[in-house]
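K.L.:
I'd like to go over a predicted model; first the sequence, then the structure.
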Amino acid sequence: MDEKPEIRPMPRIGDPAPVFEADTTWGRLALEDFKDRWVILFSHPADFTPVCTTEFLAFAEIHQELKNLGVDLLGLSVDSVTAHIAWVRNIKEKFGVKIPFPVIADSDRKVAGLYGMIMPGESKTETSRCVFIIDPRQVLRAMIYYPMSTGRNMAEILRVVKALQTTDQHGVATPANWQPGEPVIVPPPRTVEAAEQRLKQGFECVDWYFCKKKLK
Amino acid sequence: MACIQPDGTLAPSGETILLALQAPKTMGKLAQETDLDLFMVRAAMREFLQAEYVEQEEFTYRLTPQGLAALEGSGKENL
């Protein structure tokens, strides 16, 4: 009888982030170690590859800004701890950059499986370039997937974090291409009465359902 | 950065944390004092609790005699 591969549901926005404990370049870490802070869990296909190296350099570059926003970084690939250590040492030696975050050695693909990081249509063994933004309550708030051939955009990752934090803090939404400091979307009213009130509330309104405001 | 190395000796981060625990502290205070990430302190506490190098009372952690012995073994107990 053919053995059917285990099918796991993909994680979804708004779900609790799948829990794990894993070996990393900084020792054994559990997802719960990151509670009360935001965490970006990201996967890369393989150590010692050029696109992944540019990404690690780029994540290292935004690490401090993320830290200031209350965000920790946690990398992952299916390579071993030994391979990770050799690679981060090589990055330090060749580029002069110390990788300031831990990297999970997911050799048994347990974490990759929980988060749906392997895209069989692209590679059956390596993890794709996935980004999971997890909030301080350990809820999945955003997921971004890139193919192996396309390095990630750090500005967009930072923008999403800032947008999510702004949304949480002010109860608003953010429009397309929003950047911090720009007007935000006021949630549309849910009753006729509120819709009538909305136009009198001093927001920048195109119509009752489309209002923006500047945050103080 | 596992705090206890395979040969049983303390890693530098482990020494730093145990030294800071010579007076009982919360994990937040420990992270602040040692300049380590909070997630690292939490992982270290899990390891130290299992090794019985520290004990927990509500949100506060304190060094045990075994923890002090480990520090003495590393020659750092008097810093």
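P.N.:
Okay, I see it.

K.L.:
and the residue in chain A that chain B sits nearest to, what is it in contact with?
P.N.:
Of all residues in chain A, the one sitting closest to chain B is A:G27 (3.4 Å; C-beta to the nearest C-beta). Using the backbone N, CA and C atoms, a C-beta is placed for each residue, glycine as well. Residues in contact with A:G27 (C-beta atoms under 8 Å, 6 or more residues apart in numbering or on different chains) are A:P102, B:M1, B:A2, B:C3, B:M40, B:A43, B:E47.

K.L.:
next one: A:D72
P.N.:
Contacts for A:D72 (C-beta under 8 Å, 6+ apart) come out as A:F34, A:R37, A:W38, A:V39, A:I40, A:L66, A:F101, B:D37, B:F39.

K.L.:
So which of the residues you listed are in strands?
P.N.:
A:W38, A:V39, A:I40 (DSSP state E).

K.L.:
And the lowest-mean-pLDDT helix or strand in chain B, what does it pack against?
P.N.:
Counting by mean pLDDT, DSSP states H and E, chain B has its least confident helix or strand at helix B:65-73, which shows a mean of 90. With contacts defined as 3 or more C-beta pairs under 8 Å, 6 or more residues apart in numbering or on different chains; DSSP states H and E, helix B:65-73 has these neighbours: helix B:12-20, helix B:38-51.

K.L.:
quick one: buried residues of stretch A:119-131?
P.N.:
Of the residues in stretch A:119-131, those with enough neighbours to count as buried (16 or more other C-beta atoms under 10 Å in any protein chain shown) are A:M119, A:E126, A:T127, A:S128, A:R129, A:C130, A:V131.

K.L.:
Now do it, average pLDDT.
P.N.:
Looking at stretch A:119-131 alone, the average pLDDT works out to 94.

K.L.:
What's the end-to-end length of it?
P.N.:
Across its full length, stretch A:119-131 reaches 14 Å end to end, with C-alpha to C-alpha, to the nearest Å as the criterion.

K.L.:
and if you look at stretch A:124-134?
P.N.:
For stretch A:124-134, the end-to-end distance is 26 Å (C-alpha to C-alpha).

K.L.:
what about that stretch and chain B, any contact?
P.N.:
No. Contact check for stretch A:124-134 against chain B, using C-beta under 8 Å from any C-beta of the partner chain: none in range, with a minimum separation of 12.1 Å.

K.L.:
Give me the pLDDT for the residue of chain A closest to chain B.
P.N.:
Taken from the predicted model, the pLDDT recorded for A:G27 is 94.

K.L.:
Just give me the neighbour total for the closest residue to B:L18 other than its chain neighbours.
P.N.:
The shortest distance from B:L18 to any non-neighbouring residue, by C-beta to C-beta, 6 or more residues apart in numbering or on different chains, is to B:L71 (5.1 Å). As a burial measure, B:L71 scores 22 neighbours (other C-beta atoms under 10 Å in any protein chain shown).

K.L.:
show me the contacts for B:L71.
P.N.:
B:L71 makes contact with B:L10, B:E15, B:L18, B:L19, B:L63, B:E77 under the criterion C-beta under 8 Å, 6+ apart.
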